[in-house]
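> 3D model of this:
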Amino acid sequence: MPRETTDRAGDMAVFAAIVRAGSLSGAARALGLTPSAVSRIVARIEARLGVRLIVRTTRRLHLTAEGEVYARAACRVLADLDEVESTIADQASPRGKVRVSAATAHGRLVVVPLLAEFVARHPEITVEIDLSDQIADVLGGRTDVAIRFGPLADSPLTARRLGETGRMVVAAPSYLARAGVPRVPADLARHNCLDFSFRRIEPGWPFREAGRDVLLAVRGNLTANSGETLVQLAVQGVGITRVGTFHIGEDLAAGRLVPLLEAYNPQDRESIHAVFVGGATVPARVRVLVDFLAERMRARSPDG
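Now for the predicted structure:
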């Protein structure tokens, strides 16, 4: 036999308001209803359930054991409804917070400069940017979008290609004036080469000579765990370094660094991806941010 058709969600909202206010009259004021209307709704719920939910005295209102169960269930159901409606509304009109994780250097040099334009386009979206060289936990729900370099591990995450970056050997004119210009990769043995301090897949700098790929071990008196630091040292004339091209665009344009051994550059490329939890229910705020980054990073340069 079908249940009586009533606005049970509306009834739950009224009951939750009574619990919050601590009285029927307080709930009536909060909801813009008359106290008698609120009282009738409570009577209707109790009649439908066949139990007493509220015990009223002249001074206070008490929930019965059944009333406490119903109050908890009402809050849970109303929260679920709010979440569902928010998700559906978000699909039509992007809004809410998007948490983005990017590597420190790439985030500062490439991603952050794009965010002002994005939030101007989408004023209902709040972006929380985290710049860190640690791998962000997207699957665990701590980050909505993570920007990652290189090959991606197998995972259930969705990846959207944003661009790619190459690498280049560079030095400052002041260093080259003092130490000379290397003409072939073997000349680097006589130079102070500034390399990364962490272990990489390739234990050296790759070059292409006479149609062959070669890996050249280099040495120097300073190492660092970030490309930004290596670039800063190179600009100061400390030595020669090999870093991602997104690090050095401004320094090359200003003449603070010059490219070296480009005839031997193997043109190795590293892909840049945005990774996020995909599927049919991707929030619009995530989708429009990823679309924006793909559009603007491709337009910015071939190196993302």
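
> for residue 93, what are its contacts?
124, 284 (CB atoms under 8 Å, 6 or more residues apart in numbering). Heads up, the C-betas are built off the backbone N, CA and C, glycines and all.

> And the pLDDT for it?
In the predicted model, residue 93 carries a pLDDT score of 72.

> how much space is there between it and residue 296?
According to CB to CB, to the nearest Å, residue 93 and residue 296 sit 22 Å apart.

> what about the helices in the stretch 101-250 of the chain?
Taking DSSP state H, counting those that start in this stretch, the helices of the stretch 101-250 of the chain run over residues 104-106, 112-121, 173-179, 227-235, 249-254.

> Please identify the buried residues of the fourth one?
Buried positions in helix 227-235, judged by neighbour count with 16 or more other CB atoms under 10 Å: 227, 229-235.

> could I get those as CSV with pLDDT and distance to residue 13?
Output for the buried residues of helix 227-235, formatted as CSV (pLDDT from 0 to 100; distance: CB to CB, whole Å):
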residue, pLDDT, distance to residue 13
227, 85, 55
229, 91, 57
230, 93, 59
231, 94, 58
232, 95, 59
233, 97, 63
234, 97, 64
235, 97, 63
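
> burial of residue 116, as a residue count?
Residues near residue 116, counting by other CB atoms under 10 Å, number 9.

> out of the helices of the stretch 101-250 of the chain, which comes closest to residue 291?
With respect to residue 291, and counting by CB to CB, the nearest of the helices of the stretch 101-250 of the chain is helix 112-121 at 10.2 Å.

> Which strands or helices does that closest one pack on?
The helices and strands touching helix 112-121, judged by 3 or more CB pairs under 8 Å, 6 or more residues apart in numbering; DSSP states H and E, are strand 125-131, helix 284-300.

> could you redo the last one with a cut-off of 10 Å?
Counting contacts by 3 or more CB pairs under 10 Å, 6 or more residues apart in numbering; DSSP states H and E, helix 112-121 packs against strand 96-102, strand 125-131, helix 284-300.

> Next up, phi/psi of residue 273, please.
phi -130, psi 150 (degrees, to the nearest 10).

> Next: residue 103.
Dihedral angles (degrees, to the nearest 10) for residue 103: phi -60, psi 150.

> can you pull the pLDDT of residue 188?
With respect to pLDDT, residue 188 has a value of 96.

> Could you check how far it is from residue 207?
In terms of CB to CB, residue 188 sits 9 Å off from residue 207.

> Please identify the deepest-packed of the helices and strands packed on helix 112-121.
Mean neighbour count (mean count of other CB atoms under 10 Å) peaks for strand 96-102 among these, with a mean of 20.

> pull the CA atoms of it into CSV?
What follows is strand 96-102, C-alpha atoms only, in CSV (Å, rounded to 0.1, in the frame of the first residue of the first chain):
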residue,chain,number,x,y,z
GLY,A,96,33.1,26.1,-4.9
LYS,A,97,36.7,25.4,-4.0
VAL,A,98,39.3,23.6,-6.1
ARG,A,99,42.5,22.4,-4.4
VAL,A,100,45.5,22.4,-6.8
SER,A,101,48.9,21.0,-6.2
ALA,A,102,51.9,21.9,-8.3
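
> okay, the angle between that strand and helix 112-121?
170 degrees (axes from the mean of the first three to the mean of the last three CA atoms, to 10 degrees).

> need the helix or strand of the protein with the lowest average pLDDT.
helix 65-92 (a mean of 81; mean pLDDT, DSSP states H and E).

> Now that one: buried residues?
Buried residues in helix 65-92 (16+ other CB under 10 Å): 67, 70-71, 74, 90.

> Name the nearest of those relative to residue 114.
Using CB to CB, the buried residues of helix 65-92 come closest to residue 114 at residue 90, 21.7 Å.

> Measure how buried residue 112 is and give me the count.
That count, for residue 112 with other CB under 10 Å as the rule, works out to 15.

> Please tell me I have it right and it contacts residue 131.
Yes - with contact defined as CB atoms under 10 Å, residue 112 reaches residue 131; the gap is 7.7 Å.
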